[in-house]
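J.: Provide a 3D model corresponding to the input given below.
(chains A, B, C and D)
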Protein chains: 2
Amino acid sequence: MSDEELSAFELEVLQHLWHLEQASTPELHRRVCNVRDVKYSTVRTIVDRLERKQAIERIAQQGRAQVFRPLLSKAEVSLPMTRKFVDRVFAGDSRPLLSHLLDSATLDSRDIAYLESVIARRKSELDDND
Amino acid sequence: MSDEELSAFELEVLQHLWHLEQASTPELHRRVCNVRDVKYSTVRTIVDRLERKQAIERIAQQGRAQVFRPLLSKAEVSLPMTRKFVDRVFAGDSRPLLSHLLDSATLDSRDIAYLESVIARRKSELDDND
DNA sequence: AGTCTTCTTCTACAAATGTAGATATACGAA
DNA sequence: TTCGTATATCTACATTTGTAGAAGAAGACT
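T.: Sure, this is the predicted structure:
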């Protein structure tokens, strides 16, 4: 079930689709080109691979261009990828990553208030023997 | 400067080296085999690639076995990889990852106390206009 | 209707990755 | 000192990934 690995480039295109909700291949090509220069057929190949991996689906035709939308939600992608990443890079222990992010992320007061509330909850849920 | 990408398998072997501080190829093979079954020459290939990427170096000979040690620290590997991961999977915004980890990580009271202190510091460092 | 464009589809290809076999060789034991 | 075995080295190969060209076809413009 959608458990194929997604490559860096595939993720890049999927990000655009998440952002746009849906998009044609030419549109995706333009978006990618805003960042770096790649040929249309390159992007098209990535789109095909995403479709084969059932990460996106065709939903319409705009002129001769096909329109796609994501089949996988951000969470469906990011949760398993995060697990794998933590396993690979942090030997399964997410705490160093957590503390690094807490230290380095750009956070405004609202973010901080939210994080405080999550920590407060985690604290209240502690077993006595922790 | 050590800016090559490290593959999943290369990271796995490097994790063992970080843990052991140094190890011979046969030792690494044994460790990897504790988890899944791979041939000696497979591990040896990975070790060679790590050496070519200057992620590890030979430091000794034990009988006919060569002993290696990491040349890259955990931080030297995990910091750039984390940046790339956040870019790819979270479009550069680490906050969703942060809150997911804060929510899901296994934390004892000591961990929580530490995280509280980091948040307190971040809070105290807030600009007024944040 | 004819032509120009723009997309699609197919094919290709080098590099990286995971995986392993074959062959040579140096240690260590007998 | 010889021999068996554990290691090293080298070669190989399928798959995935990033990248793109060629050829055909469907819309759009005149």
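J.: for A:Arg36, phi and psi?
T.: Here is the backbone geometry of A:Arg36 (degrees, to the nearest 10): phi -150, psi 160.
J.: swap that for A:Val67, please
T.: phi -110, psi 140.
J.: again with A:Ser7
T.: Given degrees, to the nearest 10, the pair of backbone angles that A:Ser7 has is phi -80, psi 170.
J.: residues near A:Glu10, how many?
T.: A:Glu10: 20 surrounding residues under other C-beta atoms under 10 Å in any protein chain shown. C-beta here means a position set from N, CA and C on the backbone, and glycine is covered the same way.
J.: C-alpha coordinates for the host helix or strand of it, PDB please?
T.: Assigned by DSSP states H and E, A:Glu10 belongs to helix A:8-20. Below are the C-alpha coordinates for helix A:8-20, written out as PDB (Å, rounded to 0.1, in the frame of the first residue of the first chain):
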ATOM      1  CA  ALA A   8      14.200  13.500  -3.800                       C
ATOM      2  CA  PHE A   9      12.900  14.600  -7.100                       C
ATOM      3  CA  GLU A  10       9.600  12.800  -6.800                       C
ATOM      4  CA  LEU A  11       9.100  14.500  -3.400                       C
ATOM      5  CA  GLU A  12       9.900  17.800  -4.900                       C
ATOM      6  CA  VAL A  13       7.200  17.400  -7.500                       C
ATOM      7  CA  LEU A  14       4.800  16.100  -4.900                       C
ATOM      8  CA  GLN A  15       5.400  19.100  -2.700                       C
ATOM      9  CA  HIS A  16       4.200  21.300  -5.600                       C
ATOM     10  CA  LEU A  17       1.200  19.200  -6.000                       C
ATOM     11  CA  TRP A  18       0.400  19.400  -2.300                       C
ATOM     12  CA  HIS A  19       0.700  23.100  -2.500                       C
ATOM     13  CA  LEU A  20      -1.300  23.600  -5.600                       C
END
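J.: near DNA strand C at all, that helix?
T.: No. On the criterion C-beta under 7 Å from any atom of the strand, helix A:8-20 is out of touch with DNA strand C, staying 10.5 Å away.
J.: hmm, who's touching that helix?
T.: With C-beta atoms under 8 Å, 6 or more residues apart in numbering or on different chains as the test, helix A:8-20 has contacts from A:6, A:23, A:27-28, A:31-32, A:43, A:46-47, A:49-50, A:53, A:55-56, A:68-70, A:72, A:74, A:77, B:84, B:88-89, B:91.
J.: so what touches stretch A:41-53?
T.: A:2, A:4, A:6-7, A:9-10, A:13-14, A:25, A:28-29, A:32, A:56-58, A:68.
J.: ok, 10 Å please
T.: A:2-7, A:9-14, A:16-17, A:23-33, A:38-39, A:55-58, A:66, A:68, A:70-72 (C-beta atoms under 10 Å, 6 or more residues apart in numbering or on different chains).
J.: list the ones among those that fall in strands.
T.: A:Ala23, A:Ser24, A:Ile56, A:Glu57, A:Arg58, A:Gln66, A:Phe68, A:Pro70 (DSSP state E).
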